[in-house]
Each structure stands twice: as structure tokens, then as C-alpha cells.
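Undergrad: just need the structure, nothing else, for what follows:
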Amino acid sequence: LINTLGAIVDQVESEKLKRIFSEVKTAVNEGSSLAEALSHYPDTFGQLYVSMVRAGEASGALDTVLFRLADFTEAQAKLRAQITSAMLYPAIMLGVGSIIMIILFVVVIPRITKIFDQVKAELPPQTKLIIFMADVLKGYWFILFPLIGLGFYMFNRWRKSELGRPKWDVFSLRAPI
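TA: So this is what the prediction gives:
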């Protein structure tokens, strides 16, 4: 195990991973179990990894467990790549749609509003709301970015809270992706 960890340290290109594996190797060399050494790095090795390694050490089948973890990690990376490629098109379309909406609100609607003002026509409430939104966007566009940032921040706080986490998990599991 020490030789294997040493080989991993030599082969890893990432400085962060090289340091982590070096410290894991040192801990194992000093008598710690591999699971205990890995548990000191929860951001790198999740609870699943540590628990499976602990079970593999206890049963004497550490090599089988490590092969299964390798297969699991590869499948997880493949799934992540598929999800990323599947979400790329909708993300691009959302960006293009947003740009088109901004152009409509900042350029087109103010020109149409001038026509309505000249005719002095009574407009329906929906049209008045759209004209109001266009005026706000055109006059106070600089407030939009901080508001979007604040919205993301508040959403992430809610999603990580005790109240929001279960609701977000239920939504995530029911989402059609």
C-alpha cells in the first residue's frame, strides 16, 4: 500500500492532490489505516469513499473495493460530462433569449411607447406593466446585476438551510433531467 501511494504521488500532476496523497502516505506509513488517513480530507474523499475503504480493510478485500471505487468514479465523471453537454444547448438558448429580451425592452418597446403616446390610446394593464418594466430596465439597469447576485446568494442560503434542503432535494429528484 505504501509503494502504491508513493507511485500515485509520483504520477499525480495536480499539486493539491500530490500534497494530499503524500500526507495520506505519511499517515499510513505511521500506522493509520487508509480509511482514517482519507477521512482527514472530506472535500477530496467523500463519506462513501471512506466508508467503502473502511469496509474493504475490515473484510480484507481492499483491492476489490478500490477497483469498484475507480469504476464508480469513472462512471460519475462520464455522467457529469453527459449532463454538461446536455445542458450546454439550453444554457446557450437562455443566454441568447435573455439578450433578445433586453434588446426588446431597451430599444423596441420605448419606440413603440412613443407611438402609443402620440395616439393617446388607453392601454391594457399588461401593456402598461411591460412599458413600466422597460422604463425601469432602461433607467436603472445598473441595479439589475446586484439584484441578480443577491438573488443567487439568497437562493443558495435557502438551499443549504434546514428548511430549504429537503424541499430542494425533493425538487431535484423530481426534475426531468
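
Undergrad: how about the contacts made by the closest residue to Phe45 other than its chain neighbours?
TA: Closest residue in space to Phe45, ignoring its immediate chain neighbours: Leu38 at 4.3 Å, by CB to CB, 6 or more residues apart in numbering. (Glycine included, C-beta is placed from N, CA and C.) Going by CB atoms under 8 Å, 6 or more residues apart in numbering, Leu38 touches 24, 45, 49-50, 53.

Undergrad: now swap in Val119 and tell me
TA: By CB under 8 Å, 6+ apart, Val119 has no neighbours at all.

Undergrad: same thing with Ile102?
TA: Leu137.

Undergrad: quickly find the element holding it.
TA: helix 62-103 (DSSP states H and E).

Undergrad: and after that helix, which helix or strand comes next?
TA: Following helix 62-103 in sequence, per DSSP H and E, is helix 109-119.

Undergrad: next structured bit after that following helix?
TA: Assigned by DSSP H and E, the successor of helix 109-119 is helix 125-139.

Undergrad: could you give the average pLDDT over stretch 55-71?
TA: What stretch 55-71 shows for mean pLDDT is 91.

Undergrad: for this structure, name the helix or strand with the lowest mean pLDDT.
TA: Taking mean pLDDT, DSSP states H and E as the measure, helix 109-119 is the helix or strand of the chain with the lowest mean score, a mean of 84.

Undergrad: before we move on, back to that, now tabulate the contacts of Leu38 in CSV and tack on secondary structure.
TA: Converted to CSV, the contacts of Leu38 look like this (DSSP: H, G, I helix; E, B strand; the rest coil):
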residue, secondary structure
Val24, helix
Phe45, coil
Tyr49, helix
Val50, helix
Val53, helix
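
Undergrad: which one of these is nearest Leu5?
TA: Nearest to Leu5 out of those is Val24 (CB to CB; 6.2 Å).

Undergrad: now for the closest one: which residues touch it?
TA: Here Val24 is in contact with 5, 34, 37-38, 40-41 (CB under 8 Å, 6+ apart).

Undergrad: and these, which are buried?
TA: Neighbour counting by 16 or more other CB atoms under 10 Å classes 5, 34, 37-38, 41 among those as buried.

Undergrad: and Ile177, what pLDDT?
TA: Ile177 carries a pLDDT value of 66.

Undergrad: apologies, that question was intended for Ile130.
TA: The model's pLDDT for Ile130 equals 89.

Undergrad: burial of the spatially closest residue to it that is not a sequence neighbour, as a residue count?
TA: Leaving aside its sequence neighbours, Ile130 sits nearest to Ile109 (CB to CB, 6+ apart; 6.5 Å). Residues within reach of Ile109, counting by other CB atoms under 10 Å, total 18.
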